[in-house]
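Give me the fold of what follows.
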Amino acid sequence: MNLLENHPINELVVGQTATYSKTLTERDVILFAACSGDVNPVHLDKEYAATTPFGEPIGHGMWTGALVSAAIATRLPGPGSVYRSQSLSFKHPVKIGDAVTVTLTVSEIRERVKLVTLDCEAHNQDGKLIAKGVAEVIAPAEKQHLAAGVLPSIAIS
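Modelled structure (predicted):
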């Protein structure tokens with residue numbers, strides 16, 4: 001069982017960091033397109049994508065945004081967080097096989113209202129900046145240790 005631990009507001013400090021990593025697969029691109037409805041051929045059609053400046057299919061920008069969400073939900077502050085806002089600027093595309101690491105850094109804490117500002121950066125396996133932004137999150141008030149959710153198997157045909 002995978003256990004998730006949060007960081008309630010009283011444990012957070014400015015400068016605290018956490019990371020979350022995932023490698024983009026063709027399956028991820030297909031599943032993201034299916035759940036979002038974004039079927040832009042630059043993501044799904046290899047022949048079309050070859051004619052673009054990218055030369056091959058690229059991941060959805062918001063897939064990277066979803067990794068920021070996952071980092072907040074599972075790492076910092078973790079379970080019990082409420083994601084309030086996000087600014088995100090995309091710097092480079094993510095290609096299938098790229099390993100993306102999101103780094104969250106606490107930049108401001110407003111303890112009275114439990115609001116935390118997080119600087120967010122995503123880099124690929126070569127250290128290239130993929131995306132950058134700022135998130136505001138309501139941090140949990142209480143410490144929690146929770147079992148991570150279990151995903152069902154999903155078939156793509």
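
now the strands for this structure?
Taking DSSP state E as the criterion, the chain carries its strands at 3-5, 17-23, 82-90, 99-110, 115-123, 129-138, 145-147.

in its sheet, what does the fifth one sit against?
Read it as strand 115-123. strand 99-110 (antiparallel), strand 129-138 (antiparallel) (DSSP bridges).

before we move on, what about the last one?
Paired with strand 145-147 in the same sheet, following DSSP bridges, are strand 3-5 (antiparallel).

quick one: contacts of the strand it pairs with?
Strand 3-5 has contacts (CB atoms under 8 Å, 6 or more residues apart in numbering) with 74, 78, 79, 143, 144, 145, 146, 147, 148. Any C-beta I mention is one placed from the backbone N, CA and C, and that applies to glycine too.

what do you get for stretch 139-155?
Applying CB under 8 Å, 6+ apart, the set of residues contacting stretch 139-155 is 1-9, 11-12, 31, 74, 77-81, 109, 114-116.

let's see it at 10 Å
Contacts to stretch 139-155, defined as CB atoms under 10 Å, 6 or more residues apart in numbering, come from residues 1-12, 27, 30-31, 34, 72-74, 76-82, 106, 109-111, 113-116, 118.

At the geometric centre of the protein, which residue do we find?
residue 67 (1.4 Å; CA atoms, centre = their mean).

Quick check, that one in contact with residue 20.
Yes. Between residue 67 and residue 20 there is a contact under CB atoms under 10 Å: 6.2 Å.

which helix is the longest one in this protein?
Assignment by DSSP state H gives helix 61-74 as the longest helix of the chain.

Residue 47 versus residue 85, what's the distance?
Relative to residue 47, residue 85 is positioned 38 Å away (CB to CB, to the nearest Å).

now do residue 102
The gap separating residue 102 from residue 47 is 31 Å, by CB to CB.

more neighbours, the two?
More neighbours surround residue 102 than the other of residue 102 and residue 47, with 25 against 8 (other CB atoms under 10 Å).

Tell me the pLDDT of the more buried one.
Note on residue 102: pLDDT of 98.

right, and it touches residue 86 too?
No. Look at residue 102 against residue 86 with CB under 10 Å: they stay out of range, at 11.9 Å.

list residues touching both of these two?
65, 68, 69, 72, 120.
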